[in-house]
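Trainee: this is a predicted model, with the sequence first.
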Amino acid sequence: MPRTDERSMDRLSAGDRSRVERAFAALRERGIEAAFARDRAEALAWVLDRIPAGAKVAHGTSTTLLEIGFVDRMKTPGSDHRYLNPEWTKEDDPAKRALLRAKLSLEADVYRGRVQAICETGEVIGADATGSRQAFYVYGPPHVIWVAGINKLVPTLADGLRRVREVALPLEDRRVRSTGGAGSHVGKLVIYEREQAGRITLVLVGEKLGF
């Protein structure tokens, strides 16, 4: 199981390091493994290193995964994994695309994504308009990896819920509108209290990433 390399937190202030260590201990008590990456480059290397040869890989829409370069790397020809996202995004019919996305995502060996808040008390909060990401975090793929910036670390569950509505949602709404969409809303909100050990890993990155 992945563990935090003590040297990887050498750039953190004493206060931030204490917060991370407190959160990681609480996460592990709840069955969620945790690892720390200094920056987005280290996070990308960490995530890529955990893709077994021949694995089927899928992910939800994620600013964080874009920022660390994961999505671009998945599109690189010649890799020894099966990248599932292009298989459903090329379907033109919306209804067929939704069904194919659900089928392929459920069949993934490894599902990558992001969350909106990580509490120092060990809870993790994820939210979507439709639930298209939370569905596969909750059930299905045998391995799930979340990548999140340290900006998403909060003291308590109440702080995490506040962050979803007052920080993450306005930024996501702005992003969606900038692409010509109608905006966003919190349609599905999941609080991850406890997980089967070995299924979910959180990679916390020591810089600001995503919403």
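Mentor: Nice, thanks for sending it over. Numbers count the residues shown, from 1 in each chain.

Trainee: in this protein, which spans are helices?
Mentor: For the chain, helices defined by DSSP state H occupy the ranges 14-29, 40-49, 63-67, 70-74, 85-89, 94-107, 134-138, 157-163, 169-178.

Trainee: in CSV, list those along with mean pLDDT and distance to residue 206.
Mentor: For the C-beta atoms, the positions are set from N, CA and C on the backbone; glycine is no exception. Formatted as CSV, these follow (pLDDT from 0 to 100; distance: least, C-beta to C-beta, whole Å):
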stretch, mean pLDDT, distance to residue 206
helix 14-29, 97, 8
helix 40-49, 96, 8
helix 63-67, 97, 13
helix 70-74, 95, 17
helix 85-89, 95, 27
helix 94-107, 95, 29
helix 134-138, 95, 23
helix 157-163, 98, 18
helix 169-178, 95, 20
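
Trainee: switch those helices over to a markdown table; also include mean neighbour count.
Mentor: Listed next are these as a markdown table, based on neighbours: other C-beta atoms under 10 Å:
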| stretch | mean neighbour count |
| --- | --- |
| helix 14-29 | 16 |
| helix 40-49 | 18 |
| helix 63-67 | 19 |
| helix 70-74 | 17 |
| helix 85-89 | 14 |
| helix 94-107 | 14 |
| helix 134-138 | 20 |
| helix 157-163 | 18 |
| helix 169-178 | 15 |
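
Trainee: looking at those, spot the one closest to residue 145.
Mentor: helix 40-49 (6.1 Å; C-beta to C-beta).

Trainee: could I get the closest one in CSV with only the CA atoms?
Mentor: Taking C-alpha atoms only, helix 40-49 is exported to CSV below (Å, rounded to 0.1, in the frame of the first residue of the first chain):
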residue,chain,number,x,y,z
ARG,A,40,1.8,18.2,-10.2
ALA,A,41,4.8,16.6,-11.9
GLU,A,42,5.3,14.2,-9.0
ALA,A,43,1.6,13.5,-8.8
LEU,A,44,1.5,12.6,-12.5
ALA,A,45,4.4,10.2,-12.1
TRP,A,46,2.8,8.7,-9.1
VAL,A,47,-0.5,8.1,-10.8
LEU,A,48,1.0,6.7,-14.0
ASP,A,49,3.2,4.3,-12.0
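
Trainee: excluding sequence neighbours, find me the nearest residue to residue 48.
Mentor: Nearest residue to residue 48, sequence neighbours excluded (C-beta to C-beta, 6 or more residues apart in numbering): residue 73, at 6.5 Å.

Trainee: also residue 119?
Mentor: Closest residue to residue 119 apart from its sequence neighbours, by C-beta to C-beta, 6+ apart: residue 160 at 4.9 Å.

Trainee: what sits against the one you found?
Mentor: Residues near residue 160 by C-beta atoms under 8 Å, 6 or more residues apart in numbering: 116, 117, 118, 119, 123, 125, 154.

Trainee: and those, which of them are in strands?
Mentor: 117, 118, 119, 125, 154 (DSSP state E).

Trainee: of these, closest to residue 32?
Mentor: Of all the ones in strands among the contacts of residue 160, residue 32 sits closest to residue 118, with 9.4 Å by C-beta to C-beta.
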